[in-house]
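S.K.: With the input below, show me the fold.
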Amino acid sequence: MRYHLIAIGGSAMHNIALALWENGHEVSGSDDEIYNPARDRLASKGLLPVQQGWFPEKIQSGLDAVILGMHARADNPELLRALELGLPVFSYPAFLYEHAKDKIRVVVAGSHGKTTTTSMILHFLKQAGRDFDYLVGAQLEGFETMTRLSKAPLMVLEGDEYFASALDPVPKIYHYKPHMAILTGVAWDHINVFPTFEDYLAAFRHFLETVEPGGRVWYDVRDPHLRKLAAEAPSRIECIPYEPLQAELSDGQFWISAKEGKAPTTLIGQHNFANLQAAWLVCNSRGLSGEEMLAAIPGFKGASKRLQVLEERPGFSSYLDFAHAPSKVRATVEAVKGRHPGRRLVAVLELHTFSSLNPLFLPEYAGAMEAADQAAVFFSPHTLEMKKLPPLETAQVQTAFQRPDLAVITDPASLGLWAGSQKGEDDVVFLWMSSGNFGGLDIRTAAK
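M.R.: Model prediction:
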């Protein structure tokens, strides 16, 4: 079949393109900006557009479907041409549902931990030799792409609550209609789409209504919002609470305890032990034994940029994490501090998303970096301009975080100098948190 992807450079979109190409389909695409790793990965399969931009002439009547990425606007010239020709146009989650509608569907949803929990499920299934399709939001060790589309009987989907596309302005999770689902937690995010917390909570309430009759939903019982949603859920589905798996720190190594025995893990933090329990329960419901999963735990290295170890040497450790929302930042800082008790923790957070840079949302970060001994917040004034947000003042950021000693830095070179000044002579742990790139600062070189 012939597919054209509008905004092919997106994280999920370029992986869908690769998966379709792998299945022997004819794939084309366009985008106005394509960055690595998408650029190199598309180029390696001959799928990188020759020119960046939008070209309506690429949209021809012979196309079987057009897949519209979330970053393409409603007035995109290629989209307008596709509509003019009457071609089938899908947002990528709608397309994935069409692919998976005859499969058993597992969806991992929530404000945080989605990528890690999905990754754990994929790892368990792969180690057990199961056949499955998937969509996950980060590159995983042992998986060539972030998407697989085959004839497998099962599909595991990381479910995002952000809108699907300009033509399909509903949360992506509405499309998947799972037989099994996980809700990891609810903490307000995406203020540009959900102006109030109640708006945000309503998205997950409706998600529960899309679960197939007889379906099961596992939820983190520690979250009061999830307890409320579970109590209000349709009676035709089953909501099952879970708590973190037991973990003990021994000689610098965490060990997971279950009735089947113990296993060492590189994971840290109660949030990750909760993610692991959720993945365990889903996979157990698919027939995997506790022994199989215990055997697989030591080999799970995590998803890219999820508490990824950049540098580890005597007296110095450095981590990189994707944390950007307040709940993610708090959980990550506390997890690293808990993993390295007694060591000085220096935490750096980049404010990069629309929500994190919005003065109305900024107070949600109150106390999020409290567990760090030294802390800094970085943001780019250019990013504020691009998102049409007002300038942020140092005192304003410090007040929002409730941390008067917070360093507020807006230049990547100054950030590098500040980080270097924090090294000192003592035992130190650095934690870098961002969904961006710290203004182009080479974090890996800085870690060394």
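
S.K.: So for the helix or strand hosting Lys228, what gets flagged as buried?
M.R.: Assigned by DSSP states H and E, Lys228 falls within helix 224-232. Across helix 224-232, burial judged by 16 or more other CB atoms under 10 Å covers 225-226, 229-230. All C-beta atoms are positioned from the backbone trio N, CA, C, and that covers glycine.

S.K.: Find the nearest non-adjacent residue to the residue most central in space within the chain, please.
M.R.: In the chain, the residue lying closest to the centroid (CA atoms, centre = their mean) is Thr115, at 4.6 Å. Closest residue to Thr115 apart from its sequence neighbours, by CB to CB, 6 or more residues apart in numbering: Gly137 at 4.5 Å.

S.K.: check contacts around that neighbour.
M.R.: Gly137 makes contact with 11-12, 114-115, 118, 146, 158, 160, 303, according to CB atoms under 8 Å, 6 or more residues apart in numbering.

S.K.: Can you tell me how far it is from His25?
M.R.: Counting by CB to CB, to the nearest Å, the gap from Gly137 to His25 is 23 Å.

S.K.: do the same with Ala331
M.R.: Ala331 sits 40 Å away from His25, going by CB to CB.

S.K.: try Tyr365
M.R.: 44 Å.

S.K.: Of the two, which one has the most company?
M.R.: Tyr365 (22 against 15; other CB atoms under 10 Å).

S.K.: Contact partners for Leu5?
M.R.: Contacts of Leu5 (CB under 8 Å, 6+ apart): 13, 16-17, 27-30, 66-67, 69.

S.K.: if we go to 6 Å?
M.R.: Shown in contact with Leu5 (CB atoms under 6 Å, 6 or more residues apart in numbering): 13, 17, 29, 67.

S.K.: The first one - nearest residue in space that isn't next to it in sequence?
M.R.: Same thing as Met13. Gly69 is the one closest to Met13 (CB to CB, 6+ apart), at 4.5 Å.

S.K.: count of neighbours near the one you found?
M.R.: For Gly69, using other CB under 10 Å, the count is 25.

S.K.: so is the residue nearest to Ser380 when sequence neighbours are not counted in a helix, a strand, or just coil?
M.R.: Leaving aside its chain neighbours, Ser380 sits nearest to Gly439 (5.1 Å; criterion: CB to CB, 6+ apart). Three-state assignment for Gly439 (DSSP: H, G, I helix; E, B strand; the rest coil): helix.

S.K.: What distance do you get for Gly439 to Ser119?
M.R.: 28 Å.

S.K.: With neighbour numbers in mind, choose between the two.
M.R.: Between Gly439 and Ser119, counted using other CB under 10 Å, Ser119 has the larger neighbour count: 29 against 22.

S.K.: Now for the more buried one: which residues touch it?
M.R.: Going by CB under 6 Å, 6+ apart, Ser119 touches 136, 140, 303.
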